[in-house]
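*Asks:* Sequence and predicted structure, then a few things I'm wondering about:
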Amino acid sequence: MLSYWEININRRRLDGVAKRVRRRAEIQTRKGAEREEREIRQAIADGTFDAVREEVPTFEEWFNDRFWTEWVVAQRNKPAEQESKRSVFKCHLKQHFGDLRLDEIAGGSHVAQFKAKLMASVDAGKLSLKSVNNILAVLSIRDGQTTHAIYRICRRATLPERGWHALRHTFGTHAALFGVNPWSLQNWMGHKRIDETMRYVHFANDHRRPWPEAVAEAYRSEADPDRRIVKMLSARGTTAEHGRDNEEGIEAAMA
């Protein structure tokens, strides 16, 4: 049993490295130790705790090292996906974030300015919303926080754990299987061209199957076409068979 008050905080730096702050409290009273711990936690939240700022990599260093190793190579991205991420970095992210340290980006103003720039390109017809989502997806990945949050949502919904990209394709595939209007699906998916959306429709036409009763009941209970699809998708989530059906749809849609 410790005979002194100790600060012991587990944290994760902005570059993803897990670090522990563990040391003897300067003031050896309960209130003094608690006050010191609050100050350290606040400094960590503010990004001012690390005395040696050189330890925090730039965005370009993080992208080419930790991101590429853990989120591209380790996730076994296909060559086309790797090329897409390289292109996103070269054409969009490097100029805006490349020389910035991760702790400088964490403040939010740089990201807000970048998003505004992307949306201006959408308004000018230079980028689609889907392209913007793909760009921001690379920018937002940090230490699995996004993926882990989605995994928690999947578990609460009693679904198999899937990443956001797989869930997006599953949504498009099942919406097409339930007869969604392709133009509505194009809008929901953020596709710039209808031929991107038609990949889901063509797959659905080749894989027709009887609907579960819960899905059929949802179809009968709603007159509005778009609301009907949403209700059917919700009902599909309550049926027992998730795994293999979802995976077949995802694989075909992503091919």
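*Replies:* Great, that's in hand. None of the values given here were measured: they were computed from a predicted structure. Numbers count the residues shown, from 1 in each chain.
*Asks:* From the chain's centroid, how far away is the helix or strand Val201 falls within?
*Replies:* Assessed by DSSP states H and E, Val201 sits inside helix 194-206. Chain-centre distance of helix 194-206: 24 Å, with CA atoms, centre = their mean, to the nearest Å.
*Asks:* Give the rounded mean pLDDT of it.
*Replies:* Helix 194-206 carries an average pLDDT of 87.
*Asks:* quick one: buried residues of it?
*Replies:* In terms of neighbour count (16 or more other CB atoms under 10 Å), helix 194-206 has its buried residues at Glu196, Thr197, Met198, Arg199, Tyr200, Val201, Phe203, Ala204. Yep, even glycine has a C-beta here, placed from its N, CA and C like the rest.
*Asks:* Over the helix or strand following it, what's the mean pLDDT, rounded is fine.
*Replies:* Note on helix 194-206: by DSSP H and E, the next helix or strand toward the C-terminus is helix 213-221. Here helix 213-221 scores 89 as its mean pLDDT.
*Asks:* Distance from helix 213-221 to the middle of the chain?
*Replies:* For helix 213-221, the distance from its own C-alpha centre to the chain's C-alpha centre is 31 Å (CA atoms, centre = their mean).
*Asks:* Offset the numbering so it begins at 3, please.
*Replies:* Got it, the first residue is 3 from now on, which makes the last one we talked about helix 215-223.
*Asks:* Go through that helix and flag the buried ones.
*Replies:* Buried-residue list, helix 215-223, by 16+ other CB under 10 Å: Ala216, Val217, Ala220, Tyr221.
*Asks:* in what helix or strand does Leu141 lie?
*Replies:* Applying DSSP H and E, one finds Leu141 within helix 131-142.
*Asks:* Which secondary structure state is assigned to Asn10?
*Replies:* strand (DSSP: H, G, I helix; E, B strand; the rest coil).
*Asks:* List just the nearest of the buried residues of helix 215-223 to Met121.
*Replies:* Using CB to CB, Ala220 is the member of the buried residues of helix 215-223 that sits closest to Met121, with 34.7 Å.
*Asks:* Okay, that closest one and Arg210: tell me how far apart.
*Replies:* 18 Å (CB to CB, to the nearest Å).
*Asks:* swap in Glu36?
*Replies:* 63 Å.
*Asks:* Could you do Phe91 as well?
*Replies:* 41 Å.
*Asks:* repeat for Lys117
*Replies:* Distance of Lys117 to Arg210, computed by CB to CB: 40 Å.
*Asks:* who's more crowded, these two?
*Replies:* Neighbour count, other CB atoms under 10 Å: between Lys117 and Arg210, Lys117 has more, with 14 against 9.
*Asks:* residue ranges of the helices in the stretch 3-152 of the chain, please?
*Replies:* 32-48, 61-64, 70, 81-90, 96-99, 104-107, 111-125, 131-142, 147-158 (DSSP state H, counting those that start in this stretch).
*Asks:* And the contacts of the fourth one?
*Replies:* For helix 81-90, contacts defined as CB atoms under 8 Å, 6 or more residues apart in numbering pick out Val74, Asn79, Asn136, Ile137, Val140.
*Asks:* count of residues packed around Lys33?
*Replies:* 9.
*Asks:* follow-up on the earlier one: can I get the buried residues of helix 196-208 in TSV including distance to Asp101?
*Replies:* What follows is the buried residues of helix 196-208, written out as TSV (distance: CB to CB, whole Å):
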residue	distance to Asp101
Glu198	34
Thr199	38
Met200	41
Arg201	38
Tyr202	40
Val203	44
Phe205	43
Ala206	46
